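Build me a model:
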Amino acid sequence: MNEELQRFTTFLGANIIALDNAFRVKWWHFDDSISLNLQVEMPIASIAEIDVTCLQQPQQLQIQEQLLSFTIEPFYFPHQIFIVLVENLVDFQYSLQNKVFVLEEIIEHLDEGIIVSNGDGDIIYYNEALAKMEEHHKEDMLGKKLWDAYNYQDRRLSEHNHILKTAKPIYTKYRAHAYSENEPKFVGYSSFPIQKDNQTIGVFSITHTETSLRNQLQQTLDSKRETMEVPEEVKRNNGTIYTFQDIKGNSQELLQTIAEAKNIANYNTDTLIVGETGTGKELFAQSMHNLSPRVTKPFVAINCAAIPATLLESTLFGSVKGAFTGATNQEGLFEYAKDGTLFLDEINSLPMELQPKLMRVLQERAVRRVGSNTLIPIDCTVFSASNEDPELLTAGERMRLDLFYRIAHSSVYIPPLRERPEDILFFIQHFLHKNVLKYMKANITIEPELYQLLVSYDWPGNVRELEHLIENLVIQVSSDNIITEDMLPRYLKNKISIKSAPTNKRPFKALMHSNEEQYIRKVLQQCHGNISAAAKQLNISRQSLQYHMKKFAIQKEELI
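Sure, this is the predicted structure:
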């Protein structure tokens, strides 16, 4: 009976459970997309809250971090049995329904227009992008013969009809198929046959407008520039160290900031970079310079807070001999930067009496040395950085509003680390790995409780503070050991424990995010492959750990 049942149910699909008339498990078969702990004679309701009275109706349930759909179908074989069809709703490899849904979603969100016709010339797909290009309504196009939808006098004029017969694609044509108020809508497009078993079963076209073609060209050029590595010789000569490839992190907030900075870098415009201490303002400034057309020109940086006010004016603008005691003929940094980039760090520390002079230089693009009446043209781009909110500076009369307008033709705001919890996790692992190599230590990990404290901490010093902390902890710990809360520096221990300790343990999945596999392997190795002990340390169930081991192809034997 069981062999016949297995042969019968095998034909029904890859993921099935066979039940008797008491809804007890008799047999099952799953592919790699499903992970369930089943036993023969187990009531189906014991693995999940499945309503056995609900027949032929999909039921969605979350089981062991899987979103599964269960559909119970009655059969007679020769006695009544029940077949449960199981589908992983987030699996795209084995589920045909999910594949179709995903592909349709992708096509619908493309900027390119897509139209598909079948072997009879019926329009079976027409996406929203093409509807906007041709100023048609989707519902007016779908289901029609392609030659009727576009008002061809003769169906032989249809290129789709021609491709159906010849199976030969048509590349990069430019013509009008549609009209709006008697005006032709010209587009660029290519059309291709859809072939299965050497038979042409349909045709599809990919369409671009002139605007989208220009945008694609610009994006291609921008992408090429972004991926070009700045040679070390160029960086040495232009006074920089960093490029955008050196900016680490994977939070959406940071990636959006990087995208904005890259866009600004293409245009030689004065820019204000705002960010708290330790967020990497100069790193952004150097990266923007190295992506800009001025990459081979000098990058000159000055910290406005590090130079006495009495010397700052001559440092920026230069001086002539005799202008003041000890003055010599000296060019200022505006001249020294030539046609490169001048970076004014901590411009919020610039004295109020010096701000009108800087404002005039930026307005006239010319500088007058201290003690001279001669104007010297300047051609550098000016990047400024502030570790305070410019609105508060202007409201508190510490920065002139008209100066703010001149230094902030464009602006970049770098979010603090406390607003990017994903990056806290990323940097913990990044700096841990970096310092383990630097100090030649091995098998060092961080206890989960300390992870929770570090993620919840405010990090007033941002990335710089976190980097120094991790380096300090790596120095303290021995190889083959775990970094614990007790190893925190005394100045930080009370503050981080009291302010940051969460009331509830953070879920493992949220805590580890993209570092799951690496962390699971480390904990399993420390527990010598003992799954129960590792699951307890990870604060997850044994079944959940087994699921993750299967997900990441972690074999118990390799950990012992």
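
which residues of the stretch 301-450 of the chain fall in strands?
318-319, 330-331, 341-345, 366-368, 375-377, 381-386, 410-413, 445-446 (DSSP state E, counting those that start in this stretch).

Relative to residue 87, which of these is closest?
Residue 87 lies closest to strand 445-446 among the strands of the stretch 301-450 of the chain, at 37.3 Å (CB to CB). From N, CA and C alone the C-beta is placed, and that goes for glycine too.

Counting by contacts, list what that closest one packs against.
Counting contacts by 3 or more CB pairs under 8 Å, 6 or more residues apart in numbering; DSSP states H and E, strand 445-446 packs against strand 482-483, helix 516-526.

7 Å instead?
strand 482-483 (3 or more CB pairs under 7 Å, 6 or more residues apart in numbering; DSSP states H and E).

Could you list every helix and strand in contact with the strand it packs on?
strand 445-446.

can you list contacts of the strand it packs on?
Contact with strand 445-446 is made by 428, 432, 482, 483, 522, as judged by CB atoms under 7 Å, 6 or more residues apart in numbering.

And the first one, how far from residue 251?
Remark: distance between residue 428 and residue 251 (CB to CB, to the nearest Å) = 13 Å.

now swap in the last one and tell me
Computed as CB to CB, the residue 522 to residue 251 distance reads 23 Å.

Also the fourth one?
As defined by CB to CB, residue 483 lies at a distance of 23 Å from residue 251.

Residue 199 too?
The spacing between residue 199 and residue 251, counted by CB to CB, is 49 Å.

which one of the two has more residues nearby?
residue 251 (18 against 10; other CB atoms under 10 Å).

Is the more buried one in contact with residue 423, as I believe?
Yes - if you go by CB atoms under 7 Å, residue 251 and residue 423 touch, sitting 4.6 Å apart.

who wins for most neighbours among the contacts of strand 445-446?
residue 428 (22 neighbours).

which residues does that residue contact?
Residue 428 touches 446, 454, 470, counting by CB under 7 Å, 6+ apart.

got the buried residues for the one helix or strand the second one maps to?
To tie it back to what came earlier, the one meant is residue 454. Using DSSP states H and E, residue 454 sits within helix 448-456. Within helix 448-456, the residues scored as buried using 16 or more other CB atoms under 10 Å are 448, 450, 451, 452, 453, 454, 455, 456.

any idea how far residue 496 is from the last one?
Remark: distance between residue 456 and residue 496 (CB to CB) = 8 Å.

For those two, list the residues in contact with both.
By CB under 7 Å, 6+ apart, no residue touches both residue 456 and residue 496.

which residues in the stretch 51-200 of the chain form helices?
96-108, 128-134, 138-141, 146-149, 159-166 (DSSP state H, counting those that start in this stretch).

looking only at pLDDT, what's the mean for the third one?
In this case it means helix 138-141. In this model, helix 138-141 has an average pLDDT of 88.

Name the single longest strand found in this protein.
strand 183-196 (DSSP state E).

For that one, output the C-alpha coordinates as PDB.
Extracted C-alpha coordinates of strand 183-196, given in PDB (Å, rounded to 0.1, in the frame of the first residue of the first chain):
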ATOM      1  CA  GLU A 183       1.600  63.300 -33.500                       C
ATOM      2  CA  PRO A 184       3.900  60.300 -33.900                       C
ATOM      3  CA  LYS A 185       5.500  58.800 -30.800                       C
ATOM      4  CA  PHE A 186       9.000  57.800 -31.900                       C
ATOM      5  CA  VAL A 187      10.900  55.200 -29.900                       C
ATOM      6  CA  GLY A 188      14.000  53.000 -30.200                       C
ATOM      7  CA  TYR A 189      13.400  49.300 -29.900                       C
ATOM      8  CA  SER A 190      14.600  45.800 -30.600                       C
ATOM      9  CA  SER A 191      12.400  42.700 -31.200                       C
ATOM     10  CA  PHE A 192      13.200  39.100 -30.600                       C
ATOM     11  CA  PRO A 193      11.600  35.700 -31.200                       C
ATOM     12  CA  ILE A 194      10.600  33.500 -28.200                       C
ATOM     13  CA  GLN A 195      11.500  29.900 -29.200                       C
ATOM     14  CA  LYS A 196      10.700  26.600 -27.500                       C
END
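
can you give me the angle it makes with helix 159-166?
20 degrees (axes from the mean of the first three to the mean of the last three CA atoms, to 10 degrees).

Counting by contacts, list what strand 183-196 packs against.
helix 128-134, helix 159-166, strand 170-180, strand 199-208.

Format the ones you listed as CSV; extra columns: mean pLDDT.
CSV is the format used below for those (pLDDT from 0 to 100):
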stretch, mean pLDDT
helix 128-134, 85
helix 159-166, 88
strand 170-180, 70
strand 199-208, 87
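
Point out the one among those that comes closest to residue 554.
strand 199-208 (41.9 Å).

Report the strands that pair with that closest one, each with its relative direction.
strand 113-118 (antiparallel), strand 183-196 (antiparallel) (DSSP bridges).

ok, residue 522 - contacts?
residue 445 are the contacts of residue 522 under CB under 7 Å, 6+ apart.

And it, what's its pLDDT?
Confidence score, pLDDT, at residue 522: 78.

now do residue 253
pLDDT at residue 253 comes out at 90.

now residue 25
Residue 25 is given a pLDDT of 87.

can you check residue 464 too?
94.

List the contacts of it.
Applying CB under 7 Å, 6+ apart, we find residue 464 in contact with residue 278.

contacting residues for the nearest residue to residue 461 once chain neighbours are set aside?
Spatially, and ignoring its direct neighbours in sequence, residue 461 is nearest to residue 278 (4.6 Å; CB to CB, 6 or more residues apart in numbering). Contact analysis of residue 278 by CB under 7 Å, 6+ apart lists 461, 462, 463, 464, 465.

Distance of residue 400 relative to residue 345?
19 Å.

ok, those two, which is more surrounded?
residue 345 (21 against 17).

contacting residues around the more buried one?
Per CB under 7 Å, 6+ apart, neighbours of residue 345: 281, 282, 301, 302, 303, 304, 385.

out of those residues, which is most surrounded?
residue 385 (26 neighbours).

what bridges to that residue?
residue 273.

Surely it is in contact with residue 281?
Yes - if you go by CB under 7 Å, residue 385 and residue 281 touch, sitting 4.1 Å apart.

Now do the shared contacts for those two.
273, 345.

Ok, which of the strands of the stretch 301-450 of the chain comes nearest residue 152?
Nearest of the strands of the stretch 301-450 of the chain (CB to CB): strand 410-413, 49.9 Å.

Since that was my last question, I'll sign off now.
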